[in-house]
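1. the sequence and its predicted three-dimensional model are supplied below.
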Amino acid sequence: MLKRTLPLLLILFYGSTSMAQTPEVTILTSGTKTSLRGLSVVNDNVVWVSGSGGTVGRSNNGGKNWNWFTVKGFEKTEFRDIEAFDASTAIIMGIAEPAYILKTTDGGETWKVVYENKTKGMFLDAMDFVGEKYGMVVGDPINNTVFLAETYDGGETWKEYDGKLVADSGEAFFAASGTNIRLFPDKVFFLASGGLRSRLFTNDESFALPIIQGKETTGANSVAVYTKPNLKSSKQLIVVGGDFNADTSSFKSCYYTNDGGKTWKAPDVPPHGYRSCVEYLSQKDLLACGLNGVDYSSNGGKKWNWISKESFNVCRIAKLGTTIYLAGNNGKVAKITWQGN
């Protein structure tokens, strides 16, 4: 009798465990007239967002209460990426005409311009940091050269990157979620492009992506890299995107690699539409979000489950913690409390 019932008990146990760990999206706030695309999660409690209309938001208690700011003098600026270091210090990126980077050290009450670029065609797309000192920002190509600038002093000063990445005609980057660049120690970076051509750039080489491309609205929007036990031994990456004018289409919208980008595989069950952001929660668990919902994978990106039909632009897991936050249009912010597998 025991031999017959044991397999059933194991199936029920593991089935219930898996179901219990499937992430559930909880809306925290919405209804303001801003599109939020910048998101930085310091820990489980401290989270910052940024968006259109010069808007910045901050919560110090896990999203229960929010402080909202309109940055003085930048009321029409789109701040499409933000990097926060604690409850007081954060850096925001204003995209274009001209492009700006600003910094606060008093929780968003006041902001200092730390970078300005009036070059014709300048359009900043995303930034990332390693710790509190070294950071990099990427912008659309100028004269077919990818714009990259870096800081070594926590964003106080910026200089153009010494290396040169050459872009093809019609190849650019999406300022959709601040995650088409991922920066790591020793100045290692991964950068995903889109448009007429879509590639994955690293410091000294590039890889063609099989993701949909060929139009200005297509290509990779986000790249994530699994870095444990350490970056040098990690070859596990994933990219998501698609065509943001066809947000329900999952055609060639997601690919993953286990050899550092030399070969790519499509999921057996892809995310259920265009996705602007992807994030590793663990080696096997991933989250992706886009205009028509949120998907979760528990097997390294091979199969995706549509866990929410709420629209979001960006999802990030806490740098120090396990809570996942999401942000999107109409000032919407949500969270997922996830214990992991």
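-> Thanks, I have it.
2. so who does residue 122 touch?
-> 96, 97, 98, 99, 139, 140, 142, 147 (C-beta atoms under 8 Å, 6 or more residues apart in numbering). In this view, the C-beta of every residue, glycine as well, is placed from N, C-alpha and C.
3. show the contacting residues for the nearest residue to residue 322 once chain neighbours are set aside.
-> Excluding the flanking residues, the one nearest residue 322 by C-beta to C-beta, 6 or more residues apart in numbering is residue 338, at 5.8 Å. Neighbouring residues of residue 338 by C-beta under 8 Å, 6+ apart: 21, 23, 281, 285, 322, 323, 324.
4. switch to 7 Å and redo it
-> Contact partners of residue 338, counting by C-beta atoms under 7 Å, 6 or more residues apart in numbering, are 23, 281, 322, 324.
5. let me know the closest of the residues you listed to residue 49.
-> Among these, residue 324 lies closest to residue 49 (C-beta to C-beta), at 13.7 Å.
6. just list whatever residues bridge to the closest one.
-> Beta-bridge pairing for residue 324 (DSSP bridges): residue 317, residue 336.
7. that one and residue 288 touch, don't they?
-> No: the pair residue 324 / residue 288 is not scored as a contact, 11.6 Å apart, by C-beta atoms under 7 Å.
8. compare those two (neighbour count), which wins?
-> Each of residue 324 and residue 288 has its neighbours counted (other C-beta atoms under 10 Å); residue 288 has more, 29 against 23.
9. got a list of what that one touches?
-> 240, 271, 275, 277, 278, 295.
10. what comes up buried for the helix or strand harbouring it?
-> Per DSSP states H and E: residue 288 is located in strand 286-290. The neighbour-count check on strand 286-290 (16 or more other C-beta atoms under 10 Å) flags 286, 287, 288, 289, 290 as buried.
11. going through the contacts of residue 122, which ones are buried?
-> Of those, these count as buried by 16+ other C-beta under 10 Å: 96, 99, 139, 140, 147.
12. tabulate these (CSV), appending pLDDT and secondary structure.
-> Putting the buried ones among the contacts of residue 122 into CSV (pLDDT from 0 to 100; DSSP: H, G, I helix; E, B strand; the rest coil) gives the following:
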residue, pLDDT, secondary structure
96, 96, strand
99, 98, strand
139, 98, strand
140, 97, strand
147, 97, strand
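13. can you tell me the centre-most residue of this structure?
-> The residue lying closest to the centre of the chain (C-alpha atoms, centre = their mean) is residue 179, at 3.2 Å.
14. rewinding a little: now for the buried ones among the contacts of residue 122: which two are most distant?
-> By the measure C-beta to C-beta, 96 and 147 form the most distant pair in those, at 11.4 Å.
15. related to what we said a few turns ago, and the contacts of residue 338, which are buried?
-> For the contacts of residue 338, buried by 16+ other C-beta under 10 Å: 23, 281, 324.
16. let's have those in JSON lines, adding distance to residue 112.
-> Output for the buried ones among the contacts of residue 338, formatted as JSON lines (distance: C-beta to C-beta, whole Å):
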{"residue": "23", "distance to residue 112": "37"}
{"residue": "281", "distance to residue 112": "34"}
{"residue": "324", "distance to residue 112": "31"}
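17. of those residues, which is the nearest to residue 309?
-> Set against residue 309, the nearest of these by C-beta to C-beta is residue 23 (14.1 Å).
18. wasn't the closest one part of a strand?
-> No: counting by DSSP: H, G, I helix; E, B strand; the rest coil, residue 23 is not part of a strand but coil.
19. measure it to residue 36 for me?
-> Between residue 23 and residue 36 the distance is 19 Å, computed by C-beta to C-beta, to the nearest Å.
20. for residue 193, same thing?
-> According to C-beta to C-beta, residue 193 stands 24 Å off from residue 36.
21. so for residue 120, what's the pLDDT?
-> pLDDT recorded at residue 120 is 93.
22. that one: how many residues sit nearby?
-> 7.
23. widest-spaced pair of the contacts of residue 338?
-> Once C-beta to C-beta is applied, the contacts of residue 338 give 23 and 322 as the farthest pair, at 10.9 Å.
24. which SSE is immediately downstream of the helix or strand bottoming out on mean pLDDT in the chain?
-> Ranked by mean pLDDT, DSSP states H and E, the weakest helix or strand in the chain is helix 2-21, scoring a mean of 39. Later in the chain than helix 2-21, the nearest helix or strand by DSSP H and E is strand 26-29.
25. how far does that following strand sit from its chain's centre?
-> Distance of strand 26-29 from its chain centroid, counting by C-alpha atoms, centre = their mean, to the nearest Å, is 19 Å.
26. run through who's touching the helix or strand containing residue 68.
-> When elements are assigned from DSSP H and E, residue 68 belongs to strand 67-70. Defining contact as C-beta under 7 Å, 6+ apart, one finds that strand 67-70 is touched by 53, 54, 55, 56, 57, 58, 108.
27. and the fourth one, how far from residue 186?
-> Remark: distance between residue 56 and residue 186 (C-beta to C-beta) = 31 Å.
28. what about the two, which has more around it?
-> Higher neighbour count among residue 56 and residue 186: residue 56, with 26 against 9, using other C-beta under 10 Å.
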